[in-house]
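> coords please:
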Amino acid sequence: MAGFLRGKQAGIQNDLSAGIVSGLFSPDDRARFGINSQIGCLAYDPIQSLLAVGTNESPFGSGQIYIYGQGRVQATLQLPRRASVKELQFVADRIISLDSKNELIIWDLASAKKVTSFNPPGVVTTMVTDPMLDWALLGLQNGDVICYDLASEKIAPLRLPNFWKERSPKSRLLPVVSMQLHPRDIGQLLIGYTEGVVIYSFKQAKPIRYFEYTVPAGAPGGNTDSQSIGTVRKPKLTQVLWHPTGTFVAGAFDDESLVFWDSKDGRVVMARTLTDTNVDKPGNVSKDPGAFNFKEPFVKIAWCCRENPDDTGILIAGGSSKISPQKGLTFMELGQTPVYATSSWQVLSDHFEAKKQHFLPTPLGAEVVNFCLIPRTSPHFAGNQDPIAIIAVLTSGELITLSFPSGYPISPTNMLPPSLTFVHPFVTTIAVAPLDRGRWLGMVESRQRGTRILKGGAESVKSLRKKESRNIVLMAHGDGTVRIWDAGHGDELENSTTCQVDLARSLNRYEDINITMMSMGLQTGELAVGTSRGEVVLYRWGGNKRVGQELSQDLDVVSGGLTDISIRAEPALKEGLQPYVLYDLAQGPIHALGVSDMGFVGVGSEGGVFSLIDMRGPSIIFTGSVNDFGKAEKRSSFMRKGSSHTTSRPDWPVILEFGVMTLEGDNYSSIACFVGTNLGKVATFKIIPDAKGAYTAQFAGVTSLDGKIVSISPIVSSTGNRAAATGATVGSLRDGIQTHGTLVVASQKEAKIFKPASARGASKSFDDFLCESACVTEFDGHGFALVGVFADRSIHAYSIPALKEIAASKVDKLDKSRLGSSIVTPSGCVFGWTGPSELAMLNVWGTGEPLPKSHDHLFNPKVTIPPRPTISNMQWISGTQYVSPIDLDLLIGGPDRPPSKRMMALAAEEDRLARSGGSSRAGTAPAQEGWGDYMTRQLNERTERLNIIGDSTDQMLENSQGWAEDVNKFVSRQKRNMLLGGITGKFF
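Residues are numbered from 1 along each chain as shown. A predicted model of the protein is given here:
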C-alpha cells in the first residue's frame with residue numbers, strides 16, 4: 001500500500017522497476033585500476049618491453065606484482081602470503097621476486113602464474129640474475145653466496161663462503177651488501193661486503209682480487225667531519241659496480257664517497273664525491289662551501305653506457321648535501337673510456353674527474369628512493385645500456401618519468417597505462433561521465449610524443465558493446481593535470497587512448513593547483529574543471545592554430561567574469577581538448593559543476609554563489625546566491641520539513657543537473673537546471689530564450705530534503721529514461737512537444753520523487769546509515785531502480801516510484817573512509833576506492849562474480865634475447881678463458897645436473913644447423929656428447945685456434961725479417977753503384 005501511495009504522490013503511473021527482482025541484484029567485481037599500495041621496486045624487460053611494479057604490504061592488503069605492457073595489457077600476481085615485494089628481476093620467460101618474508105618466487109610470464117618458491121637458508125640481502133642464465137645468485141646476511149637453479153627449481157651444490165671473513169678473521173658481521181656479474185666475462189662475480197670487495201672466478205673456483213678502501217688521516221673523505229678528519233677511517237660499503245667493459249670496479253660507501261679501482265691490480269684510481277675528487281688524499285681541500293654539512297646517503301647507482309660500451313656515465317640517486325633545497329638525480333658523464341693499454345695512470349685518474357655533470361631535478365620536497373632505467377633494446381650490461389628514460393620512485397610514493405640524460409619530465413599519458421598514472425602524481429579527484437560512444441571514438445588526441453616505453457604484450461579478445469555509453473573517467477592529479485580515459489564495462493575498448501588537459505598551463509600558475517570538481521558534456525565532450533581558488537576553466541575539442549608556437553601566457557584575467565585563454569593551448573597538442581574560457585568566480589572553492597549538451601555550464605562555489613554560463617557567447621546569464629533559495633522557500637511553505645530557514649549554517653551548491661521537462665504549473669516543456677545544496681535544498685531554474693535569440697535563466701522554485709543532496713536524476717515519468725537536455729529534445733520544444741518528467745533525488749538521509757519545482761511528491765527515509773552516493777540506474781530489458789552506496793559499505797537498490805528496497809549487498813572491499821567519493825553510473829557501475837591509489841569498478845546487475853583474472857598475453861616467444869657480450873679478441877689471445885653460459889651451468893650445477901630446457905633448445909638448434917649444412921660450433925660434435933667430452937673439445941678447439949694464430953704470427957715475423965733483409969741488400973747495392981759511378985767520372 002505504501003508503494004502504491006508513493007507512486008500516486010510522485011505522479012508516476014507505471015512501476016518502472018517491475019522487471020527487477022532481488023535475485024538480479026548481485027554485484028560483480030569487474031576491474032581494478034591503480035596501485036593497491038606504495039611502490040617498492042621496479043623492473044623493466046627491454047626484450048619483451050614489459051614493466052613490472054612491486055608494492056609494499058599495507059593496511060589495505062598484501063604487496064602485489066603488476067606487469068604492464070602496451071595499451072591496457074596488464075597482469076596482477078598475488079603473493080601467497082602477506083609481504084612486501086623487495087626486488088623484481090626479469091629472466092627470459094620468467095620474473096623472479098624476492099619479498100620481505102625472505103621468499104624467492106618464480107613466476108611464469110606466459111601463464112602469469114607461480115611456478116615455484118624457495119626459502120633460502122638465511123636472510124637474503126641481494127640477488128643477481130642474468131637474462132642468459134638459469135641461475136639466481138643470492139647473497140646472504142652471513143656473507144655466504146648460494147645459487148638457485150631456476151630450471152631445475154632447486155638449490156645448486158655450489159656455495160661460496162664469506163671470503164672477506166677468511167681475509168679478516170677478526171671481523172664479526174660481514175654481510176653481502178651487493179653483487180654484480182662481469183658484463184663481458186660471465187665467469188667473474190663481483191661481491192661486495194661491508195668492509196671490501198672481492199672478484200670471484202668461477203673458472204678458478206677462488207677469489208682472484210681483493211679491494212679495500214681506507215681514508216688516511218688528514219684526507220677529507222666523503223662526509224667531511226672536522227672531528228674525525230685527523231683519524232684513519234674505514235667507511236662501510238653499500239654498493240659495487242662493474243665498468244661496462246670490466247676495466248674498472250666501483251664501490252659506493254656510507255660516507256657518500258665513490259671509489260674506482262683498477263680491476264687488474266686493485267689500485268685505487270680515484271676516490272670522489274659528487275662535488276670533490278681525490279678525497280682520499282691528505283691535505284686536499286673540498287670545493288663545496290658547505291663541506292662540513294653532511295650529505296644524503298647513496299640510494300642507488302647505475303653505471304650506464306651508450307651503444308658503445310666504452311662511452312659511459314654514472315647515474316646516482318643520493319649523495320647530495322642535506323641542506324640543498326632541490327633534490328634529484330645526478331648523472332656523471334664520463335665519456336669515452338681511455339685505452340687501458342696505452343694510457344698513463346694520470347689519464348685514467350683524470351677520466352673519473354667527469355667531463356660534465358647533469359642534475360635531474362625532482363618535485364620539491366620529494367627525493368628518489370629507487371629508479372629503473374629504460375634501455376632501448378639490450379637487457380645486458382645490468383640493464384643499463386643505451387637508456388632512453390628513467391622511471392623513479394619518490395619518497396612520497398609517487399612516480400616520475402624523466403628523459404635520459406637530459407632529465408626533462410615525460411608525461412605518462414599514453415606512455416604508461418592509466419593504472420600507473422594514479423601515482424604519477426597522486427590522484428586528487430575523480431569523476432565518471434557516461435559519454436556517448438560515438439563522441440568518445442572521435443576523441444583521439446594528436447600530440448607530439450617521444451618513443452613509446454611499453455610495446456609488449458597483447459590484449460585478450462573481449463565482447464564488444466556498441467550500444468552502451470562509455471564509462472569515461474576524469475582523473476585530476478596533484479600537478480594540475482587532468483587525464484581522461486575509458487574504464488569500459490569489462491568489454492573491448494575501441495578507443496583505449498588517454499586525453500589530457502594541463503590546468504596549470506591554462507591558469508598560467510604552476511603552484512597551488514588543487515582541482516575540486518570536473519564535469520563533461522555527455523554528447524559534446526566539452527569539459528569544465530574547477531579549483532579550490534574559485535576558478536573554472538572550460539575546454540572544447542578542436543585543433544590548435546598555434547601548434548608548435550610558445551606564446552606569451554600573460555593575460556588580464558577578469559575577476560568575476562570570463563577571459564579568453566585560447567592562446568594558452570599546449571604547443572605539442574595538435575588536436576584535442578583546447579582551453580577556451582576562464583571563469584574567475586573568486587567565491588571560494590568550486591563544489592559543483594554541470595555541463596549540458598546544449599552549451600550551458602552551471603557553476604557552484606563554497607561561498608554559496610551559483611552561476612550559469614552560455615558557451616555560445618560566451619556569457620554569464622545568471623548569478624545568484626543559494627541564500628535567496630531559502631527566502632523563496634520560506635514564503636512558499638513555512639512549516640516544510642528540512643527547511644533551511646531554521647538554521648544559520650552556510651549553504652552552497654553540491655550537485656548540478658540539466659534536463660528538459662514540463663515544470664509544475666506550466667503547460668509547456670523547457671530547459672531546466674536543478675541545483676542541489678549542502679543543506680538539502682533542490683532549486684529549479686528555467687532557461688528560456690529571449691526575443692534577441694539569447695538565453696536567460698529564471699528561478700522556478702525550491703524544495704527541501706533532509707541532509708546533503710548526493711544525487712539528482714531527471715527522468716521521463718512514463719519510461720524511466722533520462723530526461724536529458726540534448727539537441728533532439730530541445731529541438732522538439734519548438735514544435736510544442738512536452739516531456740512529462742519527474743526528479744528522483746537522494747540526500748544522505750532520504751530519497752524523494754517529485755515534479756519540479758516544488759511539488760510535494762513521495763519520499764522514503766534512510767534510517768540506519770547515511771547514503772554517500774546514488775543514481776537512477778537502468779538494468780537493460782528489466783527496468784530502472786535507484787541504487788545507492790551507504791556508509792556501512794553496502795549497496796542498496798530501491799524501486800521507482802514505490803522506493804521499496806529491492807535488495808542490498810555488502811561490499812567490504814571498499815575503503816570506508818572514502819565512500820563519499822564513490823560514484824554510481826546510470827548503467828549500474830559503481831566506482832569506489834579500495835585504497836589510497838586503487839579504484840574498484842563493480843556492476844550491481846551481476847551474478848556475484850569475483851574479480852576476473854586477466855587473460856592478456858604478456859610473453860612473446862618469437863622475440864629472442866641477443867647474445868650476451870663476451871670478452872674481446874685481445875683478451876682471449878692474452879689468455880683470458882672465455883666461459884659460456886653452458887660452461888657456467890657445469891661449473892655451478894656440477895656434472896650431474898641435467899641440461900635445462902634452454903640448453904636443450906640451443907643444442908637442438910645447433911643440431912638443426914649441422915644437418916642443414918649451416919655453421920655451428922657444435923656441428924661437428926658427436927650427437928651424444930657428454931659434458932666432459934664437450935669441455936675437452938672446447939679446449940682443443942681453443943688450442944687449435946691459438947696455434948693457428950701463433951703460426952700466423954710466426955709467418956708474419958718471418959716475412960717481416962725477409963723484407964728487412966731485402967731492403968738492406970738494396971741499400972748496399974745503391975751505395976756501391978754511387979761509389980763506382982764517382983770513380984768512373986773522375987778518370988774517364
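> ok, now which ones touch the residue sitting nearest the centre point of the chain?
Closest residue to the average C-alpha location of the chain: residue 420 at 3.4 Å, with CA atoms, centre = their mean. Shown in contact with residue 420 (CB atoms under 8 Å, 6 or more residues apart in numbering): 35, 51, 53, 68, 399, 412. For glycine as for every other residue, the C-beta is placed from the backbone atoms N, C-alpha and C.
> Now do the contacts for the first one.
The one in question is residue 35. 53, 55, 66, 419, 420, 422, 423, 837, 838.
> what is the mean pLDDT for the helix or strand encompassing the residue nearest to the centre of the chain?
Per DSSP states H and E, residue 420 falls inside helix 418-421. Throughout helix 418-421, pLDDT has a mean value of 97.
> Also stretch 486-500?
So the average pLDDT for stretch 486-500 ends up being 95.
> what comes up buried for that stretch?
Neighbour-count burial for stretch 486-500, with 16 or more other CB atoms under 10 Å as criterion, is recorded at 486, 487, 488, 489, 490, 493, 495, 496, 498, 499, 500.
> again, but for stretch 398-408
398, 399, 400, 401, 402, 403, 404, 405, 407.
> what's that stretch in contact with?
Counting by CB under 8 Å, 6+ apart, 39, 304, 313, 315, 328-329, 331, 333, 358-363, 366, 373-374, 387-394, 409-412, 415-416, 420, 423-426, 450, 453 sit against stretch 398-408.
> Quick check: ChimeraX command selecting the buried ones in these.
Typed into ChimeraX, the line below selects the buried ones among the contacts of stretch 398-408, using 16+ other CB under 10 Å:
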select :39,304,313,315,328,329,331,358,360,362,363,366,373,374,387,388,389,390,391,392,393,394,410,411,412,415,416,420,423,424,425,453
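> Just the contacts of stretch 398-408: which are in strands?
Counting by DSSP state E, the contacts of stretch 398-408 place 39, 304, 313, 315, 328-329, 331, 333, 358-361, 373-374, 387-394 in strands.
> Can you tell me the element residue 797 falls in?
strand 794-799.
> Correction: the previous question concerned residue 439.
helix 437-441.
> any idea of the mean pLDDT in that helix?
95.
> try stretch 52-59
96.
> Outside of it itself, list whatever touches it.
By CB under 8 Å, 6+ apart, stretch 52-59 touches 35-45, 63-68, 82-88, 90, 95, 97, 100, 420, 835.
> Give the buried subset of the residues you listed as a PyMOL selection command.
Buried members of these, defined by 16+ other CB under 10 Å, are picked up in PyMOL with:
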select buried, resi 35+36+37+38+39+40+41+42+43+44+45+63+64+65+66+67+68+83+84+85+86+87+88+90+95+97+420+835
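> Tell me which entries of the contacts of stretch 52-59 lie within helices.
residue 420 (DSSP state H).
> do you know how far residue 59 is from residue 34?
Per CB to CB, to the nearest Å, residue 59 is found 16 Å from residue 34.
> ok, the two, which is more surrounded?
When residue 59 and residue 34 are compared for neighbours, residue 34 comes out ahead with 21 against 8, by other CB atoms under 10 Å.
> Next one: the nearest residue to residue 366 once chain neighbours are set aside from residue 361, what distance?
Sequence neighbours aside, residue 394 is the residue nearest to residue 366 in space, at 4.1 Å (criterion: CB to CB, 6 or more residues apart in numbering). For residue 394, the distance to residue 361 (CB to CB) stands at 12 Å.
> ok, now residue 345?
Distance from residue 345 to residue 361, by CB to CB: 36 Å.
> tell me the SS of residue 886?
Following DSSP: H, G, I helix; E, B strand; the rest coil, residue 886 is assigned to helix.
> which non-adjacent residue is nearest it?
residue 903 (6.1 Å).
> so who does the one you found touch?
For residue 903, the contact set (CB under 8 Å, 6+ apart) comprises 134, 885, 886, 889.
> Might you list the low-confidence residue ranges for the stretch 301-450 of the chain?
By pLDDT under 70, the stretch 301-450 of the chain has no low-scoring segment.
> which parts of the top strand by length along the chain are buried?
When every strand of the chain is counted residue by residue (DSSP E), the longest turns out to be strand 573-584. For strand 573-584, the neighbour count (16+ other CB under 10 Å) marks 573, 576, 577, 578, 579, 580, 581, 582, 583, 584 as buried.
> try stretch 437-454
437, 439, 440, 443, 445, 447, 453, 454.
> Please put the alpha-carbon coordinates of it into PDB.
Only the C-alpha atoms of stretch 437-454 are listed here, as PDB (Å, rounded to 0.1, in the frame of the first residue of the first chain):
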ATOM      1  CA  ARG A 437      30.100   6.100 -27.700                       C
ATOM      2  CA  GLY A 438      30.300   7.900 -31.000                       C
ATOM      3  CA  ARG A 439      31.700  11.100 -29.300                       C
ATOM      4  CA  TRP A 440      34.400   9.100 -27.500                       C
ATOM      5  CA  LEU A 441      35.500   7.300 -30.600                       C
ATOM      6  CA  GLY A 442      36.300  10.700 -32.100                       C
ATOM      7  CA  MET A 443      38.300  11.900 -29.100                       C
ATOM      8  CA  VAL A 444      41.700  10.700 -30.200                       C
ATOM      9  CA  GLU A 445      44.400  13.200 -29.400                       C
ATOM     10  CA  SER A 446      47.100  14.300 -31.900                       C
ATOM     11  CA  ARG A 447      50.100  15.200 -29.800                       C
ATOM     12  CA  GLN A 448      53.800  15.200 -30.300                       C
ATOM     13  CA  ARG A 449      55.300  12.200 -28.400                       C
ATOM     14  CA  GLY A 450      58.600  10.500 -28.000                       C
ATOM     15  CA  THR A 451      59.500   6.800 -28.200                       C
ATOM     16  CA  ARG A 452      57.000   4.600 -26.600                       C
ATOM     17  CA  ILE A 453      58.200   2.900 -23.400                       C
ATOM     18  CA  LEU A 454      55.900  -0.200 -23.400                       C
END
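> Now do the same contact list for residue 383.
Counting by CB under 8 Å, 6+ apart, residue 383 makes contact with 44, 46, 373, 375.
> now with 10 Å?
By CB atoms under 10 Å, 6 or more residues apart in numbering, residue 383 lies in contact with 43-46, 89-90, 131, 302, 304, 372-375.
> Check the contacts of residue 903 and tell me the two furthest apart.
Farthest pair in the contacts of residue 903 (CB to CB) is 134 and 886. Separation: 10.6 Å.
> if you count what's nearby, which of the two comes out ahead?
With neighbours defined as other CB under 10 Å, residue 134 and residue 886 compare such that residue 134 has more, 26 against 19.
> And the pLDDT at that one?
So residue 134 comes in at 93 (pLDDT).
> Is it in contact with residue 888, as I believe?
Yes: taking contacts as CB atoms under 10 Å, residue 134 lies within contact range of residue 888: 9.3 Å.
> okay, and for the stretch 601-750 of the chain, where does confidence drop off?
630-647.
> redo that, cut-off 50
Low-confidence segments of the stretch 601-750 of the chain (pLDDT under 50): 635-646.
> Helices along that one, start to end?
For the stretch 601-750 of the chain, applying DSSP state H, counting those that start in this stretch gives helices covering 627-636, 727-731.
> how about low-confidence regions in the stretch 801-950 of the chain?
In the stretch 801-950 of the chain (pLDDT under 50), the answer is 918-932, 934-935, 939, 942, 945-946, 948-950.
> and with 90 instead?
The stretch 801-950 of the chain contains residues with pLDDT under 90 at 864, 867-868, 870-890, 893-950.
> all helices for it, in order.
873-877, 885-893, 901-915, 931-987.
> and the end-to-end length of stretch 528-542?
Start and end residues of stretch 528-542 are separated by 15 Å (CA to CA, to the nearest Å).
> do stretch 813-821 as well
Start-to-end, stretch 813-821 (CA to CA) is 15 Å.
> Kindly tell me how buried the closest residue in space to residue 754 that isn't next to it in sequence is, as a neighbour count.
Counting by CB to CB, 6+ apart, residue 754 lies nearest to residue 761, which is 2.5 Å off, once chain neighbours are set aside. When counting by other CB under 10 Å, one arrives at 21 neighbours for residue 761.
> Would you confirm that residue 761 contacts residue 717?
No: using CB under 10 Å, residue 761 is not in contact with residue 717; the gap is 11.7 Å.
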